[in-house]
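[1] give me coordinates for this.
(one chain, ligands or ions: 1)
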Amino acid sequence: MIKPPFTDDVLLHYISASAADESADLFAAAREVQEKYYGKRVYFRALIEFTNYCENDCYYCGIRKSNGKLKRYRLCMDDILECCREGAALGYKTFVLQGGEDPYFNDERMIEIITAIRRAYPDHAITLSIGERGRASYEAFFAAGANRYLLRHETACDDHYRKLHPPRMSLTERKQCLYDLKNAGYQVGAGFMTGSPFQKPEHLLADLRFLEELQPQMVGIGPFIPQADTPFGGFPAGDLELSLRMIALTRLLLPDALIPATTALGTVSPQGRERGLAAGANVVMPNLSPKSTRRLYALYDNKICIEDAAAECRFCMENRVRSFGFEADMSRGS
Ligand code: SAM
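    Purely as a prediction, here's the structure:
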C-alpha cells in the first residue's frame, strides 16, 4: 500500500514514475483515501472571471500586463450580481471571484462587491482569487463576508520562482500572503502548475513539502499550457500524467484537501478533468462568467468551455462527473 510518511526519494520516485502500472497503483491509493474522506462526492463551485486587467507580468500568463494583444474587460457590480443570481438559480453554493491583479478593484470596491453578495446570499461561500494584497486588505475582505481564498504559490523554490516571474515578484511575499490569509481566518488554497518551463522533479518535491507545511484546505494543480503572446509561448504544455501523479500525491499527503479537477486538465486532454477525479481530485469549477467575456480570460491557448452558457457548463460537468461514477454535490462543502 502506498501511504505516507514518504521519504524524499520515494516522492521523487513517484513524481518521475514512467511505468503506467506504477501510476495506476498511485491513483488507486489516492482514490481509496478520497473515498474514505469524501465518498463519491464531487463539489461544484461557480467560477466568475470578473477582470482580465493585471498589474503583474508573470511570464507564463496570457493576461499579463505586457500582453498588448489582449482586449481587456472588467465586469461591473451589476454584472457580477447577475452571475451570482444565475449561479444560485443553478444550485451553486459557492461563488469564486477570480481576476487579474486589477488596481481598479481596490479594497473599497472589493468590499462593496463582497458585502453586496453576502447580503443577497447569506448562506453561500464567497471565494476570492485576486492575488497578492496586504494583510489588512485580506482582513477587511474577510470581515465583509469572504470565506475562502485561492492563491497558488506557483513553485516553492526561489530559483524556479524567479524564472517564472519578473524581479519585482518574490516567493517570500507569495508565501507571506498565504500565511496572512490563514491567520485572517480564510480557508486557503495554494497550488502550482506542472510542466512549467525549467521545472525539475526537485521543484515538485519542494511543492509537496510546502503543502505539508502550510496545510491548506484547497490545492489547485494543473498543467502549464503555453499562451502564444507571452514569453513562454514557445514552451511545450505540461504532461497530463504528471499533473495526475501530483494530484494523487497531494491527496495522499493532505487526505481531506479540496482538490479541483482544473480546466487546464480538460484543455490538455478531452477527459483530463475526469481523470483528475479518478486520481484524487474532488472539486470542479464550472464557468459562470458571461459568454461575451469568457474568451478574453485567456490565461493560455485553446482553453475549453468558452462557448458554453452557464447552465450548459453546469449540466455538462454533472454528466461528466456521473459518467465516471461520482456524484455531483452542490453543497458548500467546506
Ligand atoms: N491573479 C490571481 C493570482 O495570481 O492568484 C488569480 C488569477 S491567476 C491568472 C490564476 C492561476 O492561473 C495562476 O495561479 C496560474 O497558476 C494559472 N495560470 C496562469 N497562466 C497559466 C498557463 N499559461 N497555464 C496554466 N495555468 C496558468
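
[2] residue 38 and the ligand, how far apart?
    Residue 38 sits 24 Å away from the ligand, taking Cβ to the nearest ligand atom, to the nearest Å as the criterion. Heads up, the C-betas are built off the backbone N, CA and C, glycines and all.

[3] what's around that residue, how many residues?
    Counted by other Cβ atoms under 10 Å, the residues lying close to residue 38 total 20.

[4] next one, pLDDT for it please.
    Residue 38 carries a pLDDT value of 97.

[5] thought it was touching residue 281?
    No: assessed by Cβ atoms under 8 Å, residue 38 is found out of contact with residue 281, at 10.4 Å.

[6] mind listing the strands for the stretch 1-150 of the chain?
    Using DSSP state E, counting those that start in this stretch, the strands of the stretch 1-150 of the chain run over residues 41-44, 46-51, 94-99, 125-129, 148-150.

[7] need those in TSV with distance to residue 256 and mean pLDDT, can you?
    As requested, those are arranged in TSV below (distance: least, Cβ to Cβ, whole Å; pLDDT from 0 to 100):
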stretch	distance to residue 256	mean pLDDT
strand 41-44	12	98
strand 46-51	22	98
strand 94-99	17	98
strand 125-129	17	98
strand 148-150	15	98
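
[8] just put these in JSON lines and tack on mean neighbour count and distance to residue 7.
    Formatted as JSON lines, the strands of the stretch 1-150 of the chain follow (neighbours: other Cβ atoms under 10 Å; distance: least, Cβ to Cβ, whole Å):
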{"stretch": "strand 41-44", "mean neighbour count": "22", "distance to residue 7": "32"}
{"stretch": "strand 46-51", "mean neighbour count": "25", "distance to residue 7": "37"}
{"stretch": "strand 94-99", "mean neighbour count": "23", "distance to residue 7": "36"}
{"stretch": "strand 125-129", "mean neighbour count": "22", "distance to residue 7": "34"}
{"stretch": "strand 148-150", "mean neighbour count": "26", "distance to residue 7": "30"}
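
[9] any chance of those in JSON lines, plus distance to residue 300?
    Below are these laid out as JSON lines (distance: least, Cβ to Cβ, whole Å):
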{"stretch": "strand 41-44", "distance to residue 300": "23"}
{"stretch": "strand 46-51", "distance to residue 300": "13"}
{"stretch": "strand 94-99", "distance to residue 300": "14"}
{"stretch": "strand 125-129", "distance to residue 300": "16"}
{"stretch": "strand 148-150", "distance to residue 300": "17"}
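
[10] need those in CSV (columns: distance to the ligand).
    Converted to CSV, those look like this (distance: least, Cβ to the nearest ligand atom, whole Å):
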stretch, distance to the ligand
strand 41-44, 19
strand 46-51, 8
strand 94-99, 5
strand 125-129, 5
strand 148-150, 7
